[in-house]
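K.L.:
the sequence and its predicted three-dimensional model are supplied below.
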Protein chains: 6
Amino acid sequence: MQDRDSEMFEKGFENRKKVLGATHVENSWKRADDFNRPVQKLVTEYCWGEVWGDDTLDHRTRSLLNLAMLSAMGQHHELAVHVKGALNNGVTRDEIQAVLMQTLVYCGAPAALAAFRTASHAIAEWCEEHA
Amino acid sequence: MQDRDSEMFEKGFENRKKVLGATHVENSWKRADDFNRPVQKLVTEYCWGEVWGDDTLDHRTRSLLNLAMLSAMGQHHELAVHVKGALNNGVTRDEIQAVLMQTLVYCGAPAALAAFRTASHAIAEWCEEHA
Amino acid sequence: MQDRDSEMFEKGFENRKKVLGATHVENSWKRADDFNRPVQKLVTEYCWGEVWGDDTLDHRTRSLLNLAMLSAMGQHHELAVHVKGALNNGVTRDEIQAVLMQTLVYCGAPAALAAFRTASHAIAEWCEEHA
Amino acid sequence: MQDRDSEMFEKGFENRKKVLGATHVENSWKRADDFNRPVQKLVTEYCWGEVWGDDTLDHRTRSLLNLAMLSAMGQHHELAVHVKGALNNGVTRDEIQAVLMQTLVYCGAPAALAAFRTASHAIAEWCEEHA
Amino acid sequence: MQDRDSEMFEKGFENRKKVLGATHVENSWKRADDFNRPVQKLVTEYCWGEVWGDDTLDHRTRSLLNLAMLSAMGQHHELAVHVKGALNNGVTRDEIQAVLMQTLVYCGAPAALAAFRTASHAIAEWCEEHA
Amino acid sequence: MQDRDSEMFEKGFENRKKVLGATHVENSWKRADDFNRPVQKLVTEYCWGEVWGDDTLDHRTRSLLNLAMLSAMGQHHELAVHVKGALNNGVTRDEIQAVLMQTLVYCGAPAALAAFRTASHAIAEWCEEHA
């Protein structure tokens, strides 16, 4: 298929589906137009292929790291996506809470409070989706 | 003892010494003057007591999270401190590398390259200190 | 009461209610579930107890500092909360404007323009609430 | 006219209208109340007069630079404004895409993905407005 | 004098000298070459004329705000400059400490610890310069 | 050669040498140890192959964009590298100045002043290297 020819893309696409859910990822790839497809492709290869495909750290740990970094950078759209991904990877609600408490002292109260709001909402959505 | 009376301070002081090394932490507390002592005290209670003292996540995982957050925020003094702390906690050089590779795709190349420079130097220092 | 046993929490809770309004704070504490309560507790103790409880700077000045920092960091949820808190503390609309003008030159036009949008809206809400 | 007496303001106001559209800018100046007018005035003089009025770089290039900086700083309100301004300045959709792909590697995937969402939406709005 | 013709520049230059010290500012203006002069000029007009020249907030308060913002943004060169400026403006060492303690809870421990290191050093230098 | 097998790496390596200078890049690749080689490899492929290898924007424009983004993010090591790269790409000293003046109003005075210091120094070094 066009734009999906590389081995690294396929590896990344599999990892992405495993973490974020196959239906979600297949749909989001199908919906991508010519403006968004190149960034989707590169993210799939580099983030999900090169980085998530390296098994020095397991997916559970990579999820925890992403929650911390995304909270630190205030990237709330991706934070919501990765809270759900973390739950898919077997991270518990208590562990998500513990990561966000760690952002409180290292990134400051406003960053942590914002992350808690995003995570609360994402956890509730994930629970509904898996009820 | 003056300024060290609270239970949370003692708990934090023990965690801090365990992770960063007893001599380093004892000396840095002794060297703190009246301008710096309040921040040292609050960091000890708040970061090292409240957060590192919560065993929902083990110290190894907290070290990995700190490497990711400190790289994301470009806090290189603390990054060097926590690279050494991570090695004390049994995190391997390969795992540090893997965390920093994850910052490459999430925080951008300049942040990751800067983190690699800081970590290389801190690892070399740690090795000398433990040779 | 559970989770509200510490002296520092009580001191912080009083400061928080004084600055942000008693009803607002009581309700937000009651609404906190087990996921959010620990961060609410720690923020109450450390931000509102330790820091706002230190009278080296008065509450009016601390409000001005928060407006500046929250604008610099782009933390708009908390900025709205603290614009209302500043008005409660007797900070005038002209002083809020002057702080945000200072963020214009130090944090850049996009940060300042975003802060002005948030503050305009928060001031309007506060006026309605106090009409 | 009050608050519009300076030469630099007039120069900036012309540049601002040329890039962002005369109707939009005239209306936004008229809507500014006494709380927002000083920041509008200073932004018009310093951003649009001093900087955009310096012809060392043409407006097309300044638009590209703004897209990059605003994506790097996560300033999405202004990013949407400047995506439309870039299109007004003759920047193509492919060039906007290329700038945002450059933010992917330098600012990280979450910043770039957020910028793509904002830009997609702003381009669609601009096309409707110019249909 | 060339490049110093505007009224706003003169107003800003006076404020800058008052806060940062006449000798320091005169020398730094003399040392500016053609690459740096435009930014020095614009900063003098825009920051020191427009903003510091507005007396809605006194210089002492503006100093405190700058310490908070510069710590939040990790701008340590300017933080050192403004710690000294704050001392010139009559801000006490205890007040500087109190501002930085407030950054601890709002901006995170690494930002605050870095600000304390910069401030300690700048205070010591200022004391030597004024001994 | 080990780790340099991919087509994208070779394309990126050529772009990197063209922009940053062949000797500098060859030496920095040779000096990379096993800790740093993976990040050097991915940056070469991802930044220099995928992004700089896309000719929608010419290298001169990409240099200008990098100066703006790196100033916005406060990444001074890379800023110095890319100031020299910009000069290699035919960007003039006046254009570098104009980009940094644009960061003044969009990213704030402290970010711009820091970028001017880094750029002044890098330009002086580049001139010596090319004298």
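P.N.:
That came in fine, so what should we check first?
K.L.:
quick one: contacts for whatever residue of chain A ends up closest to chain D?
P.N.:
Proximity of chain A to chain D (Cβ to the nearest Cβ) peaks at A:Q75, 3.7 Å away. (C-beta placed from N, C-alpha, C; glycine too.) For A:Q75, the contacting residues are D:G74, D:P110, D:A111, D:A114, by Cβ atoms under 8 Å, 6 or more residues apart in numbering or on different chains.
K.L.:
now those in JSON lines, with secondary structure and neighbour count?
P.N.:
What follows is the contacts of A:Q75, written out as JSON lines (DSSP: H, G, I helix; E, B strand; the rest coil; neighbours: other Cβ atoms under 10 Å in any protein chain shown):
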{"residue": "D:G74", "secondary structure": "coil", "neighbour count": "18"}
{"residue": "D:P110", "secondary structure": "helix", "neighbour count": "28"}
{"residue": "D:A111", "secondary structure": "helix", "neighbour count": "25"}
{"residue": "D:A114", "secondary structure": "helix", "neighbour count": "21"}
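K.L.:
what is the nearest of the residues you listed to chain B?
P.N.:
Nearest to chain B among the contacts of A:Q75, with distances taken as Cβ to the nearest Cβ, is D:P110, at 6.3 Å.
K.L.:
skipping adjacent residues, who's closest to that closest one in space?
P.N.:
With sequence-adjacent residues excluded and distances taken as Cβ to Cβ, 6 or more residues apart in numbering or on different chains, D:P110 is closest to A:Q75, at 3.7 Å.
K.L.:
check A:A86 too.
P.N.:
Among residues not flanking A:A86 along the chain, A:S63 sits closest, at 3.8 Å (Cβ to Cβ, 6+ apart).
K.L.:
wait, A:M8 sits on A:V51?
P.N.:
No - applying Cβ atoms under 8 Å as the test, A:M8 and A:V51 come out as separate, 11.0 Å apart.
K.L.:
more crowded one of the two?
P.N.:
Neighbours were counted for A:M8 and for A:V51 using other Cβ atoms under 10 Å in any protein chain shown; A:V51 has more, 22 against 17.
K.L.:
ramachandran coordinates for the residue of chain A found nearest chain E?
P.N.:
Closest approach between chain A and chain E, counting by Cβ to the nearest Cβ: A:G108, at 4.2 Å. Per-residue torsions, A:G108: phi 100, psi 160 (degrees, to the nearest 10).
K.L.:
cool, and A:G21?
P.N.:
Here A:G21 shows phi and psi, under degrees, to the nearest 10, equal to phi 100, psi 130.
K.L.:
which bits of chain A sit near chain C?
P.N.:
Within reach of chain C by Cβ under 8 Å from any Cβ of the partner chain, chain A has these residues: A:74, A:93, A:97, A:100-101, A:104, A:108-114, A:116-117, A:119-120, A:123.
K.L.:
Three-state assignment for A:A124, please.
P.N.:
helix (DSSP: H, G, I helix; E, B strand; the rest coil).
K.L.:
what's the answer for A:F13, then?
P.N.:
Recorded secondary structure, A:F13: helix (three-state DSSP).
K.L.:
any idea how far it is from A:A32?
P.N.:
Computed as Cβ to Cβ, to the nearest Å, the A:F13 to A:A32 distance reads 12 Å.
K.L.:
so for the two, which sits in the more crowded spot?
P.N.:
Using other Cβ under 10 Å, the more surrounded residue of A:F13 and A:A32 is A:F13, with 21 against 16.
K.L.:
nearest residue to the more buried one other than its sequence neighbours?
P.N.:
Nearest residue to A:F13, sequence neighbours excluded (Cβ to Cβ, 6+ apart): A:T44, at 5.6 Å.
K.L.:
what count of nearby residues applies to the one you found?
P.N.:
Here the count is done by other Cβ under 10 Å, and A:T44 has 25 residues near it.
K.L.:
residue contacts, it?
P.N.:
A:F9, A:G12, A:F13, A:R16.
K.L.:
I figured the second one hits A:G53, correct?
P.N.:
Yes - using Cβ under 8 Å, A:G12 makes contact with A:G53 at a distance of 6.6 Å.
K.L.:
which one of those two is surrounded by more residues?
P.N.:
Neighbour count, other Cβ under 10 Å: between A:G12 and A:G53, A:G12 has more, with 24 against 15.
K.L.:
outline the domain layout of chain A.
P.N.:
A:7-51, A:59-129 (automatic domain parsing).
K.L.:
for the last one, the distance to its chain's centre please.
P.N.:
Right, domain A:59-129. Domain A:59-129 sits 9 Å away from the centroid of its parent chain (Cα atoms, centre = their mean, to the nearest Å).
K.L.:
what's the end-to-end length of that domain?
P.N.:
Distance between the two ends of domain A:59-129: 21 Å, counting by Cα to Cα, to the nearest Å.
K.L.:
which parts of stretch A:90-109 are buried?
P.N.:
A:91, A:93, A:95-109 (16 or more other Cβ atoms under 10 Å in any protein chain shown).
K.L.:
give the buried residues for the worst-scoring helix or strand of chain A on mean pLDDT.
P.N.:
Ranking every helix and strand in chain A by mean pLDDT, DSSP states H and E puts helix A:22-31 at the bottom, with a mean of 92. Within helix A:22-31, the residues scored as buried using 16+ other Cβ under 10 Å are A:V25, A:W29.
K.L.:
now that helix - C-alpha only, PDB.
P.N.:
Output of helix A:22-31 as PDB, limited to C-alpha atoms (Å, rounded to 0.1, in the frame of the first residue of the first chain):
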ATOM      1  CA  ALA A  22      -6.200  -1.600  16.600                       C
ATOM      2  CA  THR A  23      -9.500   0.000  15.600                       C
ATOM      3  CA  HIS A  24      -8.500   3.400  16.800                       C
ATOM      4  CA  VAL A  25      -5.200   3.300  14.900                       C
ATOM      5  CA  GLU A  26      -6.600   1.800  11.700                       C
ATOM      6  CA  ASN A  27      -9.300   4.500  11.600                       C
ATOM      7  CA  SER A  28      -7.000   7.300  12.300                       C
ATOM      8  CA  TRP A  29      -4.700   6.100   9.500                       C
ATOM      9  CA  LYS A  30      -7.600   5.900   7.100                       C
ATOM     10  CA  ARG A  31      -8.900   9.300   8.100                       C
END
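K.L.:
helices or strands up against that helix?
P.N.:
When contacts are defined as 3 or more Cβ pairs under 8 Å, 6 or more residues apart in numbering or on different chains; DSSP states H and E, helix A:22-31 packs onto helix A:7-20.
K.L.:
residues from chain A in reach of chain B?
P.N.:
Within chain A, the positions near chain B by Cβ under 8 Å from any Cβ are A:43, A:46-47, A:50-51, A:54, A:56-57, A:61-62, A:64-66, A:68-70, A:72-73, A:94-95, A:97-99, A:101-107.
K.L.:
which residues does A:M8 contact?
P.N.:
A:E45, A:G49, A:E50, A:G53.
K.L.:
against D:C107, how distant is the residue of chain A closest to chain D?
P.N.:
Separation of A:Q75 from D:C107 (Cβ to Cβ) stands at 10 Å.
K.L.:
where does chain A dip in pLDDT?
P.N.:
Flagging of chain A using pLDDT under 70 yields the residue ranges A:1-5.
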